[in-house]
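K.L.:
What follows is a protein structure lacking sequence information:
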């Protein structure tokens, strides 16, 4: 029987169990997929820990790429099609059943690994710069974790829209990667607010994209210009405590939003637009996807440990 990673009881990385699973024939609206690569994302750690509750037991992972091996009734896909997905629970697996509606064709010229590494973080980066706060030429943009999977994509997409980008990182290696992605300036986390003011000649940032959360939020908010946008899209350092709305007034009528992918992938047309632009950019050579680590399914716990320990750059993949 094929292997898959399951959580029987939420907790730390040790909660990830590799186990044999039965994969039945696909039913109505389903396809069976041989998984070539599965993406490891921060949201997976939230599911595993119980921060985002899911009824146990459950399969881990939302994202991957592979080949269709069987199709159920009512499916307009074929055996042998190469597909990717980013919203299908249970992707840490050798084989699993995928809702056909979640399957996105992989264009020729895009590898399984690139597709598995791109979609969830790429769609996140796309909606952040194209929709949550539509970046305009000349905008001053601060983004945290500039060498992470989302950060490297965000830098490239923001620069393509004409932004001036200030990124934060934690090591010299990560600084190099953020600069290679196009960041105009790269600084550490200590006193990054002063760097943001200097970067903008005291005016403040048009937008801050903050996926770190608790440890960066206060300085991020203070880095904004009047009517700037504070976009909080993650919490790798922990959840942000409740915020007094009066702080937004005092900072200069700034905006605070906490977006999530589902609200920016609301229709099949919106998904196809975002994914299509990402694949087009990869094929054109204007968007590079860095794969920072590959792990077998049996080392899923190590992948989570490395990700949460902020020891990684780019995207982590599990390779069944």
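P.N.:
Okay, I see it. Just so you know, these numbers come straight off a predicted model, no measurement behind them. Numbers count the residues shown, from 1 in each chain.
K.L.:
Report the mean per-residue pLDDT for the lengthiest strand in the chain.
P.N.:
When the chain is parsed with DSSP state E, its longest strand is strand 30-40. If you average the pLDDT over strand 30-40, you get 98.
K.L.:
so after that strand, what's the next helix or strand?
P.N.:
Downstream of strand 30-40, the first helix or strand assigned by DSSP states H and E is helix 42-49.
K.L.:
elements contacting that following helix?
P.N.:
Counting by 3 or more C-beta pairs under 8 Å, 6 or more residues apart in numbering; DSSP states H and E, the packing neighbours recorded for helix 42-49 are helix 300-308. Just so you know, the C-beta spots here come from the backbone N, C-alpha and C atoms, and that holds for glycine as well.
K.L.:
The helix it packs on: what's the following helix or strand?
P.N.:
Note on helix 300-308: by DSSP H and E, the next helix or strand toward the C-terminus is strand 315-318.
K.L.:
so what does that following strand touch, helix or strand wise?
P.N.:
Judged by 3+ C-beta pairs under 8 Å, 6+ apart, the packing partners of strand 315-318 are strand 30-40, helix 112-127, strand 291-295, helix 300-308.
K.L.:
and the nearest residue to residue 103 once chain neighbours are set aside, how far is that from residue 99?
P.N.:
Counting by C-beta to C-beta, 6 or more residues apart in numbering, residue 103 lies nearest to residue 83, which is 4.1 Å off, once chain neighbours are set aside. Distance from residue 83 to residue 99, counting by C-beta to C-beta, to the nearest Å: 11 Å.
K.L.:
These two: who's more crowded?
P.N.:
Between residue 83 and residue 99, counted using other C-beta atoms under 10 Å, residue 83 has the larger neighbour count: 21 against 15.
K.L.:
What mean pLDDT does whichever helix or strand the more buried one is part of get?
P.N.:
Here residue 83 sits within strand 82-85, counting by DSSP H and E. Strand 82-85 comes out with an average pLDDT of 98.
K.L.:
Please compute how far it lies from its chain's middle.
P.N.:
17 Å (C-alpha atoms, centre = their mean, to the nearest Å).
K.L.:
Which residues outside that strand are in contact with it?
P.N.:
31, 33, 62-68, 77, 91, 98, 102-106, 112, 115-116, 118-119 (C-beta atoms under 8 Å, 6 or more residues apart in numbering).
K.L.:
Same question for stretch 273-282.
P.N.:
Outside stretch 273-282, the residues that touch it by C-beta under 8 Å, 6+ apart are 104, 106-107, 110, 114, 118-119, 122-123, 126-127, 130, 157, 160, 264-265, 287-289.
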